[in-house]
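Q: make a model of this:
(one chain, ligands or ions: 2)
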Amino acid sequence: MKTLAATEMNGKELSQTIREELKSEVLQLKENGIIPHLTVIIVGDDPASRSYVRGKEKASKETGISSDIIELPSSTTEKNLLEKIEELNNDETVHGILVQLPLPDHINEQEVIESISPTKDVDGFHPINVGKMMTGNSTFLPCTPYGILTMLKAYDVSIEGKHAVIVGRSNIVGKPVGQLLLNENATVTYCHSRTKNLTDFTKEADILILAMGRPNSIHGEHVKDGAVIVDVGINRMADGSLTGDADFPSVAEKASHITPVPRGVGPMTITMLLKNTIMATKGMPAVGK
Ligand SMILES: NC(=O)C1=CN([C@@H]2O[C@H](COP(=O)(O)OP(=O)(O)OC[C@H]3O[C@@H](n4cnc5c(N)ncnc54)[C@H](OP(=O)(O)O)[C@@H]3O)[C@@H](O)[C@H]2O)C=CC1
Ligand SMILES: Nc1nc(=O)c2c([nH]1)NC[C@@H]1CN(c3ccc(C(=O)N[C@@H](CCC(=O)O)C(=O)O)cc3)C=[N+]21
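A: Numbering: from 1, shown residues only. Ligands and ions are numbered 1, 2, ... in the order given. Presented below is the predicted three-dimensional model:
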């Protein structure tokens, strides 16, 4: 019988530890009469999005963060959504604003992201915050990439000088995770749907980040011995189960470290959202200063 060679990087367990620390930060804020508050806006009734939003609300409550969900019908106009965001920007009792993506096609996602006050942008998607991240300045980091970095550090994975290969280049996962690893002195390669001979690149990775959203795409033969594998993919299978982008059993035989799906990157994303909300409550440096 083959034993699992890899260390499993368990995002659920690590999240529990971090969330305990966050709870005491929240208690301190409350002692000073400040209650951190996160408002999540969801437009439409996509079941997966609703399930994530509920997960965020549950985790907020458990950490002592107050939260509310604004549910808008998919027929909501962009103007209506922008007005709602403006109200929240001006509401001093709201510290963090998250607009669940994707939005319906008739709403311009970029306009919406840019309308959120950068000081309340706990997703780290506002161009000002993206720019600060790119230049290595302190800001809200996007939750999934921040969660990945936190997990790699907690498991003592060394990043400096390592070849990090990112499969996926979305604005919310692929691009920013590559940037954060570059900031940590990795050598970074981005792959995407037009990449030719993808596995030539994955085989070269010391750290392989999979963020394609294609189930079971990468197998043991496509990764280097001793590689660190972070599987961001969340794919709902016909039987209702969740699976990542990697074929877990064969990849785990080659890897030194691997994240499972579920209980890997997903819970870390939510933990970093809580962390960003606390940071927003404490007050971010004013924009432009
Ligand atoms: N664990 C978590 O917390 C989170 C998980 N996710 C999950 O991560 C996955 C990615 O999410 P997201 O970035 O939003 O998705 P997108 O669909 O926005 O991006 C997918 C990326 O993968 C690339 N890609 C698709 N097919 C291939 C292929 N065959 N070969 C190489 N590259 C390919 C695309 O390339 P191109 O740009 O050329 O189209 C694109 O850059 C999804 O499964 C999502 O559910 C997302 C957010 C948080
Ligand atoms: N503005 C915005 N910000 C986001 O951060 C954002 C978004 N929009 N749209 C959708 C994606 C997806 N996402 C996930 C968060 C947690 C889990 C998570 O906790 N997953 C659990 C499983 C949950 C389950 O069982 O369904 C796990 O992997 O263990 C998954 C996915 C955040 N996203």
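Q: C-alpha only now, for contacts and for neighbours.
A: Noted.
Q: let me see the domain layout of this protein.
A: Segmentation of the chain into domains, based on automatic domain parsing, reads 32-117, 142-266.
Q: winner for burial among those?
A: Mean neighbour count (mean count of other CA atoms under 10 Å) peaks for domain 142-266 among those, with a mean of 20.
Q: can you tell if that one touches ligand 1?
A: Yes - counting by CA under 6 Å from any ligand atom, ligand 1 is contacted by domain 142-266 at 144, 167-170, 172-174, 191-194, 211-213, 232-235, 265-266.
Q: take those and keep only those in helices.
A: Mapping those onto helices (DSSP state H) picks out Thr144, Gly174, Val265, Gly266.
Q: the last one and Tyr52, how far apart?
A: Look at Gly266 and Tyr52: by CA to CA, to the nearest Å, they are 9 Å apart.
Q: now the helices for the stretch 151-289 of the chain?
A: For the stretch 151-289 of the chain, applying DSSP state H, counting those that start in this stretch gives helices covering 174-183, 198-202, 248-254, 265-282.
Q: now mean pLDDT and distance to Asp91 too, for the ones you listed, in TSV please.
A: Formatted as TSV, those follow (pLDDT from 0 to 100; distance: least, CA to CA, whole Å):
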stretch	mean pLDDT	distance to Asp91
helix 174-183	98	29
helix 198-202	98	47
helix 248-254	97	45
helix 265-282	98	13
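Q: how about CSV for those, with distance to Leu29 added?
A: Shown next, in CSV, are those (distance: least, CA to CA, whole Å):
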stretch, distance to Leu29
helix 174-183, 29
helix 198-202, 45
helix 248-254, 41
helix 265-282, 8
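Q: give the contact list for the nearest residue to Ala59 once chain neighbours are set aside.
A: Distances taken as CA to CA, 6 or more residues apart in numbering place Ile270 nearest to Ala59, at 7.4 Å, with adjacent residues excluded. Contacts for Ile270 (CA atoms under 8 Å, 6 or more residues apart in numbering) come out as Gly55, Lys56, Ala59, Cys143.
Q: longest helix of this structure?
A: Per DSSP H, the chain has its longest helix at helix 11-31.
Q: check which helices and strands that one sits against.
A: helix 47-63, helix 265-282 (3 or more CA pairs under 8 Å, 6 or more residues apart in numbering; DSSP states H and E).
Q: please repeat the previous calculation with a cut-off of 6 Å.
A: When contacts are defined as 3 or more CA pairs under 6 Å, 6 or more residues apart in numbering; DSSP states H and E, helix 11-31 packs onto helix 265-282.
Q: can you pull the buried residues of the helix it packs on?
A: By 16 or more other CA atoms under 10 Å, the buried positions in helix 265-282 come out as 265-281.
Q: near ligand 2, from those residues?
A: Val265, Gly266, Pro267, Thr269, Ile270.
Q: residue contacts, the first one?
A: What it means is Val265. Gly11, Val232 (CA atoms under 6 Å, 6 or more residues apart in numbering).
Q: against Thr7, how distant is it?
A: For Val265 relative to Thr7 (CA to CA), the value is 15 Å.
Q: good, wrapping up.
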